[in-house]
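Asks: With the sequence up front, the predicted model follows.
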Amino acid sequence: MRDFSYVRADSIEAARKAAALPGAMLLAGGTTLVDLAKCGVAQPETVVDITHLKGLDTISVDATHATLGALAKMSHVADHAGIKSHFPAVSEALWQAASAQLRNMATVGGNLMQRTRCPYFRDPSNFSACNKREPGSGCSAIGGVTRGHAVLGTSRACIAMYPGDLATALVAFDATVHLGQRVLKVDDFFLQPGDTPEREHDIRAGEMITAIEIPGSAAARRSTYLKVRDRQSYEFAAASAAVGLELETDGRTIRDLRVALGGVATKPWRARAVEEALKGKVLDEDAVRKASGLAMEGAVDHGANHYKIELAPRVVARAILKLGETA
Ligand code: FAD
Ligand code: SF4
């Protein structure tokens, strides 16, 4: 880790101003930033500590929407009674993320901004080729070990998977991210790699996440987050699905369906083809399994990650069917 300057911001304005300095990085819970600095991926010239900013850790929820301050801890949001009843998929996504210690330390703003777990990206001393770290240097993963890499949204420049759980649930329910002057859909905030994998978010110099807003809906109230991984805790998703369901008054016909995928794409991935195929249809296992296959439209594997193309539709189907069984 190399030397850097430290600034403790005492207002959002001061934080934004300091964040606009070249080489400046915000410090929230520090659970990602410190790791990345230790392995040499992050080389901040100035670390802007925002942990003491007042009013950014509030959580407010009613039936119409939830507002999460950027500094709200993952564990507090996961355990919030309003989030559990109006947005269960958000609570479940957070409960299944990381470990208890990390959730107590880490913030929801920092969670959205976490970087890929691609092992080549995180090992600059052994792998110099990484377009995300060093634009134009190549990609060590293509032709390498790809078990954890993305099958959706990839490019010739980068196949890294976005690993966060919370953002997957947010994308399913049309959440927005507040950046000060600008408010963006979370879906638009995350960028596909294309030719510029080093640009992961639509965030500009001097901007910071101040809050996340989630609109309430019947589908958000009847929702779940299903995460399949190599072990039951402290592990990133092999494939996950955030699903919300609203049925007509007959209790069988699908009025609204939300599906987003995690663990399989370069950004949190809304599976609109699955939603459209099932809306207006009777909730039936065969129809659900058939439609869930559409989640993988356009998927491209790189050998060892082929299993994700088979796994993800099963995760989607299981989540929809599980919701169908709940009252
Ligand atoms: P920090 O480390 O402080 O910051 C992370 C990044 O976000 C930095 O680049 C920082 O500059 C930027 N940043 C922070 N706040 C803001 C803001 N308000 N506006 C703009 N930029 C900001 N996550 C999952 O979702 N699922 C998992 O299963 C999971 N498992 C994990 C396992 C391990 C072993 C570890 C170490 C992490 C795991 N994580 C997982 C990631 C973890 O959730 C993140 O490290 C954490 O959420 C980051 O939050 P933080 O507040 O500590 O961010
Ligand atoms: Fe770097 Fe992306 Fe290739 Fe991983 S997949 S080595 S992050 S360019």
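Replies: Perfect, I can see it now. Ligands and ions are numbered 1, 2, ... in the order given.

Asks: C-alpha only now, for contacts and for neighbours.
Replies: Will do.

Asks: For the stretch 101-250 of the chain, which segments count as strands?
Replies: For the stretch 101-250 of the chain, applying DSSP state E, counting those that start in this stretch gives strands covering 176-178, 183-185, 211-215, 223-228, 239-247.

Asks: Distance from the chain centre to the second one, please.
Replies: It refers to strand 183-185. 15 Å (CA atoms, centre = their mean, to the nearest Å).

Asks: Sheet-wise, list the partners of it with their directions.
Replies: Sheet partners assigned to strand 183-185 using DSSP bridges are listed as strand 176-178 (antiparallel).

Asks: same question, the fourth one
Replies: The sheet places strand 223-228 alongside strand 239-247 (antiparallel), with pairing taken from DSSP bridges.

Asks: Give the next helix or strand downstream of the strand it pairs with.
Replies: Note on strand 239-247: by DSSP states H and E, the next helix or strand toward the C-terminus is strand 254-262.

Asks: quick one: strands adjacent to that next one?
Replies: For strand 254-262, pairing defined by DSSP bridges yields strand 239-247 (antiparallel), strand 269-270 (antiparallel).

Asks: List the beta-bridge partners for residue 190.
Replies: residue 201.

Asks: do residue 228 as well
Replies: Residues in a beta bridge with residue 228, per DSSP bridges, are residue 239.

Asks: Next, the buried residues of stretch 274-288.
Replies: Buried residues in stretch 274-288, counted by 16 or more other CA atoms under 10 Å: 274, 275, 277, 278, 279, 280, 282, 283, 288.

Asks: Can you tell me the SS state at the third one?
Replies: Following DSSP: H, G, I helix; E, B strand; the rest coil, residue 277 is assigned to helix.

Asks: which residues does residue 93 contact?
Replies: By CA atoms under 8 Å, 6 or more residues apart in numbering, the residues touching residue 93 are 165, 166, 169, 225, 226, 227, 242.

Asks: swap that for residue 168, please
Replies: 241, 242, 260, 261, 262, 268, 269 are the contacts of residue 168 under CA under 8 Å, 6+ apart.

Asks: Tell me the pLDDT of residue 1.
Replies: Per-residue confidence (pLDDT) for residue 1: 65.

Asks: one step back: just the contacts of residue 168 that are near ligand 1?
Replies: Near ligand 1, judged by CA under 6 Å from any ligand atom, there are no entries from the contacts of residue 168.

Asks: Pick out whichever of those residues sits closest to residue 119.
Replies: Nearest to residue 119 among the contacts of residue 168 is residue 262, at 18.1 Å by CA to CA.

Asks: how about the helices in this protein?
Replies: For the chain, the helices defined by DSSP state H cover 12-19, 33-38, 74-78, 81-86, 88-95, 100-105, 108-112, 166-172, 186-189, 218-221, 272-278, 285-292, 307-325.

Asks: Need the winner for burial among the strands paired with strand 254-262.
Replies: Neighbour counts (mean count of other CA atoms under 10 Å) averaged over each of the strands paired with strand 254-262 peak at strand 239-247, with a mean of 28.

Asks: Send me it as PDB with only the CA atoms.
Replies: As requested, the backbone C-alpha atoms of strand 239-247 are provided in PDB (Å, rounded to 0.1, in the frame of the first residue of the first chain):
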ATOM      1  CA  ALA A 239     -26.300 -17.600  -9.700                       C
ATOM      2  CA  SER A 240     -29.000 -15.600  -7.900                       C
ATOM      3  CA  ALA A 241     -32.400 -14.200  -8.600                       C
ATOM      4  CA  ALA A 242     -34.400 -11.400  -7.200                       C
ATOM      5  CA  VAL A 243     -38.000 -12.000  -8.000                       C
ATOM      6  CA  GLY A 244     -41.300 -10.200  -7.200                       C
ATOM      7  CA  LEU A 245     -44.700 -11.400  -8.000                       C
ATOM      8  CA  GLU A 246     -48.200  -9.900  -8.100                       C
ATOM      9  CA  LEU A 247     -51.200 -12.200  -8.900                       C
END
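
Asks: Name the residues that touch that strand?
Replies: By CA under 8 Å, 6+ apart, strand 239-247 touches 89, 93, 168-169, 172-173, 218-229, 253-264, 308, 311-312, 315-316, 319-320, 323-324.

Asks: Tell me the buried residues within those residues.
Replies: Buried among the contacts of strand 239-247 by 16+ other CA under 10 Å: 89, 93, 168-169, 172-173, 218-228, 253-264, 308, 311-312, 315-316, 319-320, 323-324.
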